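*Asks:* sequence and predicted structure, then a few things I'm wondering about:
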Amino acid sequence: MPQSICPCPLRSSILTLSAPILIGENFAVRKLLKQLSNTFRYDDQFLHMLENVEVLVSKFLSIAMILVILVAVCDLAIFLVKDFFLAEVLARDLGRFGTSLFKIFGLFLNVLIALEILENITAYLKKHVVQVELVIVTSLIAVARKIIILDLEQKGPADLAALAFAILAISASYWLIRRTTRKIDML
């Protein structure tokens, strides 16, 4: 399909507004505006530019998620050494053991959720497709974390019912996605 040059009102308005700026030595600005107008002229070039932006943002998110994982692991390690081993094991204060255990589970699941999110980003970078199954599994882990660290003395029946409904809905979504994926794989 031959690419034709179509008149673009945006391009002409950009060039009209920038005409006083481009007079003289501002060659770099003129070159940038020309590249932008060429990018918007053809759909393929524009889509390629969007893909490059998506990849750049995904790489930034993966680096940020690695930092989050490192901070979460350090937080877990500090808690294990300082608040768990030193405070409870050495002081023999086993009355708080259950509370500390729930905090430890919460911290472990924080790391696991962050790893799952990093896996989602990595899968997107590899295939350029959001893998819904991974997203659903990550949300299941997040809701499970919420249930594990839930303080039943401070939450009412409505909170428990909402979490139960969330688990039911996410589990049904996961089952539906797995079932659909298996049928497609069998074909």
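*Replies:* All right, it came through fine.

*Asks:* excluding chain neighbours, what is closest to Thr138?
*Replies:* Glu116 (4.1 Å; CB to CB, 6 or more residues apart in numbering). To be clear about C-beta, it is placed using only N, CA and C from the backbone, and glycine gets the same treatment.

*Asks:* tell me which helix or strand the residue nearest to the spatial centre of the chain sits in.
*Replies:* For the chain, Ile117 is the residue whose C-alpha lies nearest the centre (CA atoms, centre = their mean; 5.5 Å). In the assignment (DSSP states H and E), Ile117 maps to helix 97-127.

*Asks:* so which elements touch that helix?
*Replies:* Contacts defined by 3 or more CB pairs under 8 Å, 6 or more residues apart in numbering; DSSP states H and E place helix 97-127 against helix 43-78, helix 132-148.

*Asks:* Leu33: which of those helices is closest?
*Replies:* Comparison of the helices and strands packed on helix 97-127 against Leu33 by CB to CB identifies helix 43-78 as nearest, at 14.9 Å.

*Asks:* any idea how far that closest one is from the chain center?
*Replies:* Its chain's C-alpha centre and that of helix 43-78 lie 8 Å apart, by CA atoms, centre = their mean, to the nearest Å.

*Asks:* show me what that helix is packed up against.
*Replies:* helix 27-41, helix 97-127.

*Asks:* remind me which residues of the chain are low pLDDT?
*Replies:* 1-26, 32, 36, 38-40, 87-99 (pLDDT under 70).

*Asks:* just say which of the helices and strands packed on helix 97-127 is most tucked in.
*Replies:* Mean neighbours per residue, mean count of other CB atoms under 10 Å, is largest over those for helix 132-148, with a mean of 16.

*Asks:* CA atoms only: put it into CSV for me.
*Replies:* The C-alpha trace of helix 132-148 is given here as CSV (Å, rounded to 0.1, in the frame of the first residue of the first chain):
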residue,chain,number,x,y,z
VAL,A,132,-4.0,-11.9,32.2
GLU,A,133,-3.3,-15.1,34.0
LEU,A,134,-0.2,-13.6,35.7
VAL,A,135,-2.2,-10.5,36.7
ILE,A,136,-4.9,-12.6,38.2
VAL,A,137,-2.5,-14.8,40.1
THR,A,138,-0.8,-11.7,41.5
SER,A,139,-4.2,-10.3,42.6
LEU,A,140,-5.0,-13.6,44.3
ILE,A,141,-1.7,-13.4,46.2
ALA,A,142,-2.5,-9.9,47.2
VAL,A,143,-5.9,-10.8,48.6
ALA,A,144,-4.5,-13.9,50.3
ARG,A,145,-1.9,-11.6,52.0
LYS,A,146,-4.7,-9.3,53.1
ILE,A,147,-6.6,-12.3,54.7
ILE,A,148,-3.4,-13.7,56.4
